[in-house]
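In: okay, sequence plus prediction incoming.
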Amino acid sequence: MVKKGIVRIKDIAERAGVSTGTVDRVLHERGRVAEDVKQKVLEIAQELNYQPNMLARTLVNNRVYEIAALIPDPGQDIYWQAPKTGIEKAQSELAQYGVRVTQFIFDPYEATSFRAKAVELMGLNPDAILVAPIFYRESLTFFKKWKELGVPFALFNTHIPDYEPLIYIGQDSYQSGFLAAKLLHYGHPQGATFLVAHIDVDLSNSSHLVNKEQGFFDYFGQISSETPYSLLQADLHNSSSKAFHEQLDHLIQENPGIKGIFVTNSKAHTVAHYLQMKGINHIRLIGYDLMEKNLHYLNKGVIEFLINQNPKGQGYWGIYGLADQLVFKKKVNPIKYLPLDIITKENLHYYIEADL
């Protein structure tokens, strides 16, 4: 009988009637072992719930696993502070296994900055790369290069499956847009107008936002024969300027039937500020992310719903996904979709108090 607790290679060897060296070769897939012996060892290891001591293995190997994290600058857009914090949390937990994460920070509004940092990180000779590929065209070039070099990479925030990343962590953008449409649809009579607003982005180079818009439009496309609605799309810029308010003035004056606005990124607070300043209270507003400015308007009722993308979890599980492959030799599921959490002022505190 094996005592409850840590299962050793010696325990498996005794149960299988083979040497510890044979068990070691089977578990670590090195050297030749007869197929019947191999299957017997694996069955016993599974029966005993054998878990390798990864810390001991790392100490023996004295191996450092270099992970490069290519992420946008939170100083330019505060949204990116959460995934940065998640990356750093994962790094601190995995340091004992020899995992070292080096951050390469780029300007989220400048594709040239992304390219420069992507080139720079290759000087690290990383074992793996975590990246937020918010610039679609520029990302594809580097995906191809990393594939050729055999460097595994994980994506978060934006899913670009063209070059088969090791793993994607984030939401299903299409489904989140579909959900936003469904939320706006409830309670609105036929003939209402809804606006999809992209704020401060290069939409032609932001595939995840295009997917959100498509999901939104497709929802109404499915019900249009029963209940006709008017759908608008606006690509708005310079959200901190007077010109931004002028753009919204024009949209609302030209389309007085607007009953709902869906903001496809974390900047719903910019529209909420406008609506409050103008005293407009008949337009329902939906956006993303539990940022302080968004929470302010959620609590005041100007923003009705926020869809939580869990950006901290995206960074955290992105690093862990790479570590599972590099360190723990686990099979990694290529997609980790995060829940589409609908946040209201009534349930907000449950999410604020949650760590991830």
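Out: Alright, I've got the coordinates.

In: what about the helices in the stretch 151-300 of the chain?
Out: Using DSSP state H, counting those that start in this stretch, the helices of the stretch 151-300 of the chain run over 173-185, 207-223, 242-254, 268-278, 292-299.

In: could you measure from Leu236 over to Glu110?
Out: Leu236 is 19 Å from Glu110, where distance means Cβ to Cβ, to the nearest Å. In this view, the C-beta of every residue, glycine as well, is placed from N, C-alpha and C.

In: pick out whichever of the two has more residues nearby.
Out: Of the pair Leu236 and Glu110, Leu236 is the one with more neighbours under other Cβ atoms under 10 Å, namely 20 against 13.

In: and that one, what pLDDT?
Out: Looking at Leu236, its pLDDT reads 97.

In: what's the closest non-adjacent residue to it?
Out: For Leu236, ignoring the flanking residues on the chain, the nearest one in space by Cβ to Cβ, 6 or more residues apart in numbering is Ile199 at 5.0 Å.

In: and that neighbour, what does it touch?
Out: Counting by Cβ atoms under 8 Å, 6 or more residues apart in numbering, Ile199 makes contact with 236-237, 239, 263-265, 267, 270-271.

In: could I get those as CSV with distance to Ile129?
Out: As requested, the contacts of Ile199 are arranged in CSV below (distance: Cβ to Cβ, whole Å):
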residue, distance to Ile129
Leu236, 32
His237, 30
Ser239, 31
Val263, 30
Thr264, 26
Asn265, 24
Lys267, 28
Thr270, 32
Val271, 35
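
In: which among those residues end up buried?
Out: Neighbour-count burial (16 or more other Cβ atoms under 10 Å) is assigned, among those, to 236, 239, 263-265, 267, 270-271.

In: tell me the one of those residues nearest Tyr288?
Out: Comparing those against Tyr288 with Cβ to Cβ places Asn265 closest, at 6.1 Å.

In: and the gap between that closest one and Val41?
Out: From Asn265 across to Val41, the span is 52 Å (Cβ to Cβ).

In: any chance you could map the strands in the stretch 1-150 of the chain?
Out: When assigned using DSSP state E, counting those that start in this stretch, the strands of the stretch 1-150 of the chain occupy the ranges 65-72, 99-106, 128-131.

In: isn't Ile129 up against Glu66?
Out: No - using Cβ atoms under 8 Å, Ile129 makes no contact with Glu66, being 9.8 Å away.

In: between the two, tell me which one has more neighbours.
Out: Neighbour comparison, Ile129 and Glu66: the larger count goes to Ile129, with 26 against 17 (by other Cβ under 10 Å).

In: so who does that one touch?
Out: Taking Cβ under 8 Å, 6+ apart as the test, what Ile129 contacts is 67-70, 121, 146, 151-154.

In: and if you look at Gln276?
Out: Going by Cβ under 8 Å, 6+ apart, Gln276 touches 297, 300, 302.

In: need the buried ones from these selected in PyMOL.
Out: Burial among these is assessed by 16+ other Cβ under 10 Å; the matching PyMOL selection reads:
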select buried, resi 297+302
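
In: can you add distance to Gln96 and give the contacts of Gln276 back as a markdown table?
Out: Output for the contacts of Gln276, formatted as a markdown table (distance: Cβ to Cβ, whole Å):
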| residue | distance to Gln96 |
| --- | --- |
| Tyr297 | 42 |
| Lys300 | 45 |
| Val302 | 46 |
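
In: how far does stretch 71-89 stretch from start to finish?
Out: Chord length of stretch 71-89, first to last residue, is 15 Å (Cα to Cα, to the nearest Å).

In: and it, how far from the chain's centre?
Out: Distance, stretch centre to chain centre, for stretch 71-89: 12 Å (Cα atoms, centre = their mean, to the nearest Å).

In: give me the residues contacting that stretch.
Out: The list of residues contacting stretch 71-89 from outside it, by Cβ under 8 Å, 6+ apart, reads 69, 101, 103-109, 130-132, 134, 156-157, 265-266, 289, 291-292, 311-319, 356.

In: so Leu183 sits against Ile286, correct?
Out: Yes - here Leu183 lies in contact with Ile286, judged by Cβ under 8 Å, at a distance of 5.8 Å.

In: what does stretch 107-115 contact?
Out: Outside stretch 107-115, the residues that touch it by Cβ under 8 Å, 6+ apart are 70, 72-73, 76-77, 80, 106, 134-135, 137-139, 200, 202, 205.

In: about what we covered before: save the contacts of Ile129 as a markdown table, and put in distance to Asp24 and neighbour count too.
Out: Output for the contacts of Ile129, formatted as a markdown table (distance: Cβ to Cβ, whole Å; neighbours: other Cβ atoms under 10 Å):
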| residue | distance to Asp24 | neighbour count |
| --- | --- | --- |
| Ile67 | 28 | 27 |
| Ala68 | 33 | 27 |
| Ala69 | 34 | 28 |
| Leu70 | 37 | 23 |
| Leu121 | 36 | 20 |
| Trp146 | 33 | 20 |
| Val151 | 29 | 17 |
| Pro152 | 26 | 20 |
| Phe153 | 32 | 25 |
| Ala154 | 30 | 26 |
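
In: nearest to His250, of these?
Out: Within the contacts of Ile129, the smallest distance to His250 is 37.5 Å, found for Leu70 (Cβ to Cβ).
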